[in-house]
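1. below is the sequence, then the predicted model.
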Amino acid sequence: MTDDPRSSPIPPAAVAGGRVLLVRHGETAWSRAGRHTGRTDLPLEPEGRLQAEALGSAIAGEGLVFAEILTSPLARARETCRLAGLAARAIVVDDLAEWDYGAYEGKTRAEIREQRPGWDLWRDGCPDGEQSADVARRAERVIAQVRAADGDVAVFAHGHLLRVLAACWVGAPPQLGARLVLGPARLSLLGYDRDAAAILRWNAPVAS
């Protein structure tokens, strides 16, 4: 038995309620370059499309029964959902859009720090965009929708938004998301350990 939370299956008996499968979209040109991609509606790169197709088999192997499938309105998340074979039942949820980076849209962290030394997204937020508390409010609304569902839920969205959502799920400040690294086309699982909300698995890679 392994202690790696990314590969350890969670027995159904350990779960008090429905589980939430978090799916980050596949690779885009900006995600590969490390550019902050908020509301810019970029398509998936060819590699991202292959990743999304591979997600379909991985999700089927999870053994979850989805009461709802939710997706961000942005094309990269919707396309990932479609290529994974789940678009027919998907509900677009505006609150699942990525963090609005405002004036920092399209910039790398290094470029931002040239203008603003020591800048930290989680602490400082973005001028003309969102602060971490803004994103957390959206994440809490999604969590309320998820917890009202009668069963498991799949959520297709974005790196920073999903990291905030996971923090809020366990009742932590959104800044916990800074410690939850999440790569493109990765799977994570939220649920319960007995009666306590928990992160059951995080940032699990999918074989392509």
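-> That came through fine. Residues are numbered from 1 along each chain as shown.

2. from here on, contacts and neighbour counts on C-alpha atoms
-> Will do.

3. in the protein, which spans are strands?
-> For the chain, applying DSSP state E gives strands covering 20-24, 66-71, 90-92, 152-157, 187-193, 196-204.

4. most packed of these?
-> strand 20-24 (a mean of 27; mean count of other C-alpha atoms under 10 Å).

5. what sits up against that one?
-> Applying C-alpha atoms under 8 Å, 6 or more residues apart in numbering, the contact partners of strand 20-24 are 77, 146, 152-159, 162, 182-191.

6. the longest helix in this structure is where?
-> helix 132-148 (DSSP state H).

7. other SSEs contacting it?
-> helix 121-124, helix 159-169 (3 or more C-alpha pairs under 8 Å, 6 or more residues apart in numbering; DSSP states H and E).

8. so where is this structure shaky, pLDDT-wise?
-> Low-confidence segments of the chain (pLDDT under 70): 1-17, 208.

9. grab the most central residue of it for me.
-> The chain has Leu162 as the residue nearest its centroid, 3.1 Å off, counting by C-alpha atoms, centre = their mean.

10. residues in contact with that one?
-> 22, 24.

11. and for the nearest residue to Ala29 once chain neighbours are set aside, the neighbour number?
-> Counting by C-alpha to C-alpha, 6 or more residues apart in numbering, the nearest residue to Ala29 once its immediate chain neighbours are dropped is Glu45, at 6.2 Å. When neighbours are counted by other C-alpha atoms under 10 Å, Glu45 registers 17.

12. check Ala144 too.
-> Based on other C-alpha under 10 Å, the number of other residues close to Ala144 is 11.

13. next one: it from Trp169, what distance?
-> To Trp169, Ala144 is 10 Å away according to C-alpha to C-alpha, to the nearest Å.

14. likewise for Glu27?
-> 25 Å.

15. could you do Arg109 as well?
-> 27 Å.

16. Leu55 too?
-> From Leu55 across to Trp169, the span is 23 Å (C-alpha to C-alpha).

17. who has more neighbours out of those two?
-> Leu55 (27 against 22).

18. now do the contacts for that one.
-> 84, 185, 206.

19. isn't the last one up against Ala54?
-> This points to Val206. Yes: using C-alpha atoms under 8 Å, Val206 is in contact with Ala54, at 6.9 Å.

20. Asp124: neighbour count?
-> 12.
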